[in-house]
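In: sequence and predicted structure below; questions after.
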Amino acid sequence: LALLLSALSAQGLAYTPAAVRRAIENSAAPVAGVEPWALGTGLLQVPGAHALLEAYATVPAASISINTSVATRNGARGLYLRDPAETEGVTAVKVSAKPAFHEDCNNEDKVRFEVRIALTSSASWCTAPKFMLLNALGSDFEIVVDPSS
């Protein structure tokens, strides 16, 4: 991590903790035989993370965290079906997504903030809209879990 931050500083590239985390997670190499929930996204790949940070250094949305919450689950960050009864039928929930701007972000940048996001699911039993438009106030979308699929 220190090597990555040092390289960004030496190049004069601005970064935020959110951008660094996203680059590390998206460039990590999966470990064969180890589940993601046991290890996380994988092993740190400094060259890959650095390449992503370089490529997206001028994209304002790349440095912003997006917080998600499920109101019907007491504001949980995701959906976890705990009770067996919840897996007997289709469950649809509204997910709220809201950008978390850095404290130094000026109001003009917040007003101009608008990002088109592509949503994908790696599980056939979970569906979400293909796209959403996120602005500074946030946006909602619905996911549907069908355990019978």
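Out: Looks like it arrived, so ask away.
In: how about the secondary structure of Ala61?
Out: Of the three states, Ala61 takes helix under DSSP: H, G, I helix; E, B strand; the rest coil.
In: how about the residue nearest the centre of the chain, secondary structure?
Out: The structure's the chain has its C-alpha centroid closest to Ile66; by Cα atoms, centre = their mean the separation is 6.3 Å. With three-state DSSP as the basis, Ile66 sits in strand.
In: kindly state the beta-bridge partners for it.
Out: Pro99 (DSSP bridges).
In: adjust the sequence numbering to begin at 47 for everything that follows.
Out: Sounds good: first residue 47 from here, last item Ile112.
In: nearest residue to Ala53 other than its sequence neighbours?
Out: Counting by Cβ to Cβ, 6 or more residues apart in numbering, His96 is the residue found nearest to Ala53 once chain neighbours are left out, at 5.7 Å. Just so you know, the C-beta spots here come from the backbone N, C-alpha and C atoms, and that holds for glycine as well.
In: show me the contacts for the one you found.
Out: 50, 53-54, 69 (Cβ atoms under 8 Å, 6 or more residues apart in numbering).
In: keeping just the C-alphas, turn the helix or strand of the chain with the lowest mean pLDDT into CSV.
Out: When each helix and strand of the chain is scored by mean pLDDT, DSSP states H and E, helix 82-85 comes last, with a mean of 81. Output in CSV follows, covering the C-alpha atoms of helix 82-85 (Å, rounded to 0.1, in the frame of the first residue of the first chain):
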residue,chain,number,x,y,z
PRO,A,82,-14.0,-14.5,-1.3
TRP,A,83,-15.8,-14.2,2.1
ALA,A,84,-12.8,-15.9,3.7
LEU,A,85,-10.1,-13.8,2.1
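In: distance-wise, check the residue nearest to Ala53 relative to Leu49.
Out: His96 is 9 Å from Leu49, where distance means Cβ to Cβ, to the nearest Å.
In: got it, and Ala164?
Out: Distance from Ala164 to Leu49, by Cβ to Cβ: 31 Å.
In: and what of Trp171?
Out: Taking Cβ to Cβ, one finds Trp171 at 40 Å from Leu49.
In: cool, and Ala117?
Out: Distance of Ala117 to Leu49, computed by Cβ to Cβ: 41 Å.
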